[in-house]
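J.: Sequence plus the predicted model coming up.
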Amino acid sequence: MDESNFVRVQLFAQPEYIKTSLIRGWKVSCTAYNSDTGYVWQDIGNSTICLAFSGSLDSSAFRQTDNKFGVGNINERNDCFESMERALVYKEALTKFSDIWNDNLKAQVEKALKTGKSVLFTGHSIGGGIATLATLTSLRKLGKDAPVFAITYGFPLIGDEVLSREVRKQGWDNHFFNVVLRSDVFARTLLAPCESVCSPLEALLPYWQRSAKQMNEDDKDILMEPVEWGFAEYLSTVVQHAREVVEFITLTNMEAAKKLIASLKLAVELSPYRPFGYYLFCSAKGALLVENSETEVALPILYYSLASGQDQASISDHTHYVTVFNANTNIINLERRQILPLSQGAPYSAMEILLDFLEFGNGRIFHANTSIVNLEVLPIHPLQQGAPSSATEFQLAS
C-alpha cells in the first residue's frame, strides 16, 4: 500500500475525521432516499468519494421471510463473497445489494480507487446493511489496506458469528463504523424473530421512509404522525429478545456454564446476528466509541441503552441521527472492554458510570452530587475548542 493510502486508512481512526465523515455521510445518505437507482455517488472532499445506498424497505419485508430471523447464505444470488461461504446475513439486505452491485457500479468504485481516492460506503437503515456488504466485497477483493470504509446509521447488525469472526480474522474491523442512537428500536430489530415484529413494522416502515425523504442537514425534528402502531409492544418484544441474546453471550464467557449453553442451543433458537467493527453509541450528552471484540461488548450496550430509553423516542430516533452531529458532541473512546452485568446487585464499573452519564443508563448511578475521580484509562477525544481533555475531566466538568 502506498503512503497516501496508509494515511487515509489511519485518519479514519481520528476524531475530527470521524466527525467530518459522519456529517457528510449522513447528508448523502438522506439524498439516497430520493434516488431512482437506489444509490447516490458524490465527492465529499478530503480525497473521498461517498457512495450512499437508499434505506427504503418494503413494509412486508419482515413478514415474507424463509426462516425465523430472515437470514440467508452470503453467497446467494452473487459471487462476491467466495471466501465466506458459511456466513449468514440478513437476506433482504443481501437481495438489495445483489440488485444494485452491478458491473457499472463496480467499475466506478475501481476507477475512484485507481485515481487515489478513498471510497466511503454509507446508508441509513437497511441502506447501511447494503453499505456493509459493499465494503466486505471490496475488502475481499482488494485486501485490508484498501481505502474503503462503511458508515451505517441505524443498522448495526448484518451477519452471524461466522461473518463476525471472519472480519476479525482478516483485520477488517477498522473499516466498519456503526452509528446507533440510544433509543433507536429498529437498530436492534434483527435481535427479535421477524414474525414477532412484522405487524408494527408494516405501519412503521412507511412512516420512517416518508420521514427519511424529508431529511436533510437542517432538520431539527420530524413530527410523529398520530397513528396507533402498537409500538409499546414492539419495543418490549425487541428488548426481551435482545436481553435473551445478551444473557446467552454472557453465559458463553463463563466456564461453568458450558454444559448449560450446549443445552440452550438445542432448546432455544436465538438471533444469530453478531456485531463487528466500531460502534458509536450516541445520546444528547455525547457519544461512546467502542471497538467490538471477542467478548462482543457492543451487544450488551445495544440492549442496555434501549431498555433504559423512552417509548416514543424509540420510534422517532430512527430518523433523528442529524441531531447528534453538532459542535458540542464529544466522543469517549472506551478502551477497556467488559460485558455489562445485567443483575440489579452487580457492582458498578467505569463503563456503567460512563453509560449512565451519557444517558445510556437508567439514572441509578450518576447524580448531581456524585464526584467521579477514578475512571480507569478512558480517554476522551474533544471535537471542539475548550472541550475537556480526559474522561475524568469530562465527568467533573458537568
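T.: Happy to help now that I have it. Residues are numbered from 1 along each chain as shown.

J.: Spell out the secondary structure type for residue 289.
T.: Secondary structure state of residue 289, per DSSP: H, G, I helix; E, B strand; the rest coil, is strand.

J.: Now do it: how many residues are near it, please.
T.: The burial count assigned to residue 289 is 20, neighbours taken as other CB atoms under 10 Å. For the C-beta atoms, the positions are set from N, CA and C on the backbone; glycine is no exception.

J.: surely residue 140 meets residue 87?
T.: No - applying CB atoms under 8 Å as the test, residue 140 and residue 87 come out as separate, 11.3 Å apart.

J.: what residues are shared contacts of these two?
T.: Common neighbours of residue 140 and residue 87, using CB atoms under 8 Å, 6 or more residues apart in numbering, are residue 81.

J.: Compare neighbour counts for those two and give me the winner.
T.: Taking neighbours as other CB under 10 Å, residue 140 and residue 87 compare with residue 87 leading, 22 against 18.

J.: Now do the same contact list for residue 185.
T.: Counting by CB under 8 Å, 6+ apart, residue 185 touches 231, 234, 235, 238, 306, 314, 315, 317, 318.

J.: and the residue nearest to it when sequence neighbours are not counted, how many neighbours does it have?
T.: Distance criterion CB to CB, 6 or more residues apart in numbering; nearest residue to residue 185, sequence neighbours excluded, is residue 314 at 4.0 Å. Around residue 314 there are 24 other residues, counting by other CB under 10 Å.

J.: Check which residues of the helix or strand where residue 314 lies are buried.
T.: In the assignment (DSSP states H and E), residue 314 maps to helix 311-316. Going by neighbour count (16 or more other CB atoms under 10 Å), the buried part of helix 311-316 is 313, 314, 315, 316.

J.: Report all helices and strands that that helix contacts.
T.: Applying 3 or more CB pairs under 8 Å, 6 or more residues apart in numbering; DSSP states H and E, one finds that helix 311-316 contacts helix 231-252.

J.: Which positions within the helix it packs on qualify as buried?
T.: Buried residues in helix 231-252, counted by 16+ other CB under 10 Å: 231, 234-235, 237-239, 241-246, 248-250.

J.: isn't residue 99 right next to residue 53, touching?
T.: No - checked against CB under 8 Å, the pair residue 99 and residue 53 is beyond contact range at 10.9 Å.

J.: Give me the common contacts of these two.
T.: Common contacts of residue 99 and residue 53 (CB under 8 Å, 6+ apart): residue 38.

J.: For the residue nearest to residue 185, list the residues it contacts.
T.: Contacts of residue 314 by CB under 8 Å, 6+ apart are 183, 184, 185, 231, 235, 306.

J.: need the contact list for residue 58.
T.: Applying CB under 8 Å, 6+ apart, the residues near residue 58 are residue 205.

J.: Next, residue 58: secondary structure please.
T.: What three-state DSSP gives for residue 58 is coil.

J.: so how far is residue 96 from it?
T.: Distance, residue 58 to residue 96, using CB to CB, to the nearest Å: 10 Å.

J.: okay if I get the contacts of residue 185 as TSV plus pLDDT?
T.: Converted to TSV, these look like this (pLDDT from 0 to 100):
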residue	pLDDT
231	80
234	91
235	91
238	95
306	88
314	85
315	86
317	87
318	90
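
J.: between the residues you listed, which is closest to residue 67?
T.: residue 238 (18.3 Å; CB to CB).

J.: Now do that closest one against residue 313, distance only.
T.: Applying CB to CB, the value for residue 238 to residue 313 is 14 Å.

J.: before we move on, what about residue 287?
T.: Taking CB to CB, one finds residue 287 at 16 Å from residue 313.

J.: where do the helices sit along the stretch 1-150 of the chain?
T.: For the stretch 1-150 of the chain, applying DSSP state H, counting those that start in this stretch gives helices covering 3-11, 15-32, 91-100, 103-114, 126-142.

J.: so which of the ones you listed is the most packed in?
T.: Counting by mean count of other CB atoms under 10 Å, helix 126-142 has the highest mean neighbour count of those, with a mean of 26.

J.: And that helix, what does it pack against?
T.: Counting contacts by 3+ CB pairs under 8 Å, 6+ apart, helix 126-142 packs against strand 48-53, strand 88-90, helix 91-100, helix 103-114, strand 118-124, strand 148-153, strand 176-181.

J.: Throw those into TSV and include distance to residue 68 and mean pLDDT, thanks.
T.: Shown next, in TSV, are these (distance: least, CB to CB, whole Å; pLDDT from 0 to 100):
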stretch	distance to residue 68	mean pLDDT
strand 48-53	26	95
strand 88-90	12	97
helix 91-100	12	95
helix 103-114	32	93
strand 118-124	25	95
strand 148-153	23	95
strand 176-181	23	92
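
J.: Out of these, the one nearest residue 211 is which?
T.: Among the helices and strands packed on helix 126-142, strand 118-124 comes nearest to residue 211, with 10.6 Å by CB to CB.

J.: so what's the closest residue to residue 246 other than its chain neighbours up against?
T.: Closest residue to residue 246 in three dimensions, ignoring its sequence neighbours and counting by CB to CB, 6+ apart: residue 303, at 4.7 Å. Contact partners of residue 303, counting by CB under 8 Å, 6+ apart, are 188, 191, 239, 242, 243, 245, 246.

J.: Equivalent analysis for residue 242, please.
T.: 188, 191, 192, 299, 302, 303, 306, 307.

J.: what do you get if the cut-off is 7 Å, keeping everything else the same?
T.: 188, 191, 302, 303, 306 (CB atoms under 7 Å, 6 or more residues apart in numbering).

J.: Which of the residues you listed sits closest to residue 173?
T.: residue 302 (17.0 Å).

J.: Tell me who's in contact with that closest one.
T.: By CB under 7 Å, 6+ apart, the residues touching residue 302 are 156, 180, 188, 242.
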